[in-house]
Every structure is written in C-alpha cells, then in structure tokens.
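**Student:** What follows is a protein structure lacking sequence information:
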C-alpha cells in the first residue's frame, strides 16, 4: 500500500513539474525587413518565420519587435511593435508559420544603425496533463539602417540635375535636327526656284 502511495505521489509530482517546465519549443528561423534602407518617418514591416521544433503543438502567445531609437537630439526612446495576427496562434509539430510586424519610424529619428529585437513567446501543449505549459522565448536580432536626410536631399538634387540635363540634351538634339531639316528644305527650295527662274528667262529660238 505504501509503495502504491509513493508511486502515485511520484507520478503526480512529475506531472506537476512538467506543467511548469520551461521547454525550448520554438525557433525564429528568419526575420527580415522589407527595405534595406529606411528614411525618417517611414513605415515598414518585419517578416518573421516561427518554427515548432517539438513533437507536440505550440501556440504563439506574443510576437513583438523592440527598437531603440536615437532622436536627433540624442535622446533615447524605446518602442515596441506587435504583430497584427490574432494570437494565440497554434503551430503543429514540425511546421513553420510566417507573421508580419508593422513598424513606423519617428520623423526626428537620428540617422545610423539600430538593432530591432524580435521576440516570440509561446506555450507548449503537454499531453500528460492536457494543459498548456509556458515555453521559453525565441529571439532574433536585426540591423536597421536609417539614411541621413542630407544624403537623401543631395541624391534627390543630383537626380533632378540629371533629369534636367537629359531634358536639355533632348531639346538640343531636337533643335539640331530641326535646324538640319530646315536647311535641307531651304536648299531644295533654292534649287527648285533657280530651275524655274532659268526656264522662264531662257530665250525662245528664232525661226
């Protein structure tokens, strides 16, 4: 009787520990930005792939991206963005699910690099107790580049200059072609006029 009681107690303890066990059940395989370079005030998104590397299903309870900003006055500001997908969202064993996290940059953000920190919180299904157990948090770090507005203005001015030069070149080519065509027509008219004048002034032969 005592042995049965000890065995039952031991199994209950193992089941209880399994419920609260922190288990590695998820991996963020990729996380990519939709642009290579961002400008101040731009919006974008991060594409995230979450893989369930366990033999049981998991559910994503939170998916976020945290970005540390430096404003132009060097003030630090931390902002956290969340996926627009309705959570929790279940992922079967061995499968991958893709998500998007929308982000927006402040208009007075300082140029340079910053490192968005992507984090996925998940629960793991425990068949022994038929309950969800909190799993660990998968993370992924990116590199985001904010371009200087001065560089943007310079490149924009260079592009405008190139477009203006192209317009001027096309106008010059058109003018040259028009002048050449005019000269050809003027020469043809002169030759034709000379021939008509010569025919009129030619003396009639006497009988």
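**Tutor:** Right, received. Where do you want to start? Just so you know, these numbers come straight off a predicted model, no measurement behind them.
**Student:** Can you give me the buried ones in the host helix or strand of residue 81?
**Tutor:** Per DSSP states H and E, residue 81 falls inside strand 76-82. Neighbour-count burial for strand 76-82 flags residue 81 (criterion: 16 or more other Cβ atoms under 10 Å). (Each C-beta comes from the backbone N, C-alpha and C, glycine too.)
**Student:** Kindly provide the whole-number mean pLDDT of that strand.
**Tutor:** In this model, strand 76-82 carries a mean pLDDT of 93.
**Student:** Packing partners of that strand?
**Tutor:** strand 58-70, strand 96-104 (3 or more Cβ pairs under 8 Å, 6 or more residues apart in numbering; DSSP states H and E).
**Student:** list the helices and strands the longest one packs on?
**Tutor:** Here strand 58-70 touches strand 43-52, strand 76-82, strand 89-91, strand 96-104, strand 112-114, strand 117-126, going by 3+ Cβ pairs under 8 Å, 6+ apart.
**Student:** Now do the SS call for the closest residue in space to residue 127 that isn't next to it in sequence.
**Tutor:** Excluding the flanking residues, the one nearest residue 127 by Cβ to Cβ, 6 or more residues apart in numbering is residue 56, at 6.4 Å. Counting by DSSP: H, G, I helix; E, B strand; the rest coil, the backbone at residue 56 sits in coil.
**Student:** and if you look at residue 188?
**Tutor:** helix.
**Student:** By mean pLDDT, which helix or strand of this structure comes out lowest?
**Tutor:** Least confident helix or strand of the chain, by mean pLDDT, DSSP states H and E, is helix 2-19 with a mean of 46.
**Student:** Quick one: name whatever helix or strand follows it.
**Tutor:** strand 26-33.
**Student:** For that following strand, what is the distance to the chain centroid?
**Tutor:** 15 Å (Cα atoms, centre = their mean, to the nearest Å).
**Student:** packing partners for that strand?
**Tutor:** By 3+ Cβ pairs under 8 Å, 6+ apart, strand 26-33 packs against strand 43-52, strand 117-126, strand 131-141.
**Student:** and the spatially most central residue of the chain, what is it in contact with?
**Tutor:** The chain has residue 34 as the residue nearest its centroid, 1.1 Å off, counting by Cα atoms, centre = their mean. Residue 34 makes contacts with 44, 45, 46, 47, as judged by Cβ atoms under 8 Å, 6 or more residues apart in numbering.
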